[in-house]
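Participant: Quick one: sequence plus predicted model below, questions after.
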Amino acid sequence: MVRSPKRKSLGRSKFARSKLGVAATELAIGLPLIFLLVFGSLQLSNSIQLKHLGVVITDEIAKMAVDVEIEVDDLNAEANELASSAGLRNFEVTIDEFPSDDMIEIRISIPVSDNSSIPQMFPAAMIVSSTTTYRNY
């Protein structure tokens, strides 16, 4: 008597189930890493944009100080107006004048958490600052 080979059940084989388990494990490990990379790059991009904005503001104020020779209080008001019109919140502008060297230094500190369009993923309180120093010859 010849026996016919046993038919496999319609369920998934052991090999197919193990492949699904590997895929689920790869997804469980890989997905958080992808989210970390995406949101980290968004936060880095936002910080770079704020740094650039700080450089532009300090540069404009320093040029104004050298070209027009405005008083420090008026420069401070102008810097606050420029930063506010750019949409910055909770920033700090410091203007130091060194008459003996005929120099002026403008510094702006911008907290990233208060000026971000995305929720902060990393809890550290990052502050972006920019300093411009001009010497009038």
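Facilitator: It's in.
Participant: buried residues in stretch 73-86?
Facilitator: In terms of neighbour count (16 or more other CB atoms under 10 Å), stretch 73-86 has its buried residues at 75-76, 78-80, 82-83. The C-beta positions use only the backbone N, C-alpha and C, and glycine is treated the same way.
Participant: distance of the residue nearest the centre of the chain from Thr25?
Facilitator: Central residue of the chain (CA atoms, centre = their mean): Ser47, 2.6 Å from the mean position. Distance, Ser47 to Thr25, by CB to CB, to the nearest Å: 34 Å.
Participant: All the helices of the chain, residue numbers only.
Facilitator: With DSSP state H as the criterion, the chain has helices at 14-68, 72-85.
Participant: Go through those helices and name the closest to Met103.
Facilitator: Proximity to Met103 (CB to CB) singles out helix 14-68 among the helices of the chain, at 9.7 Å.
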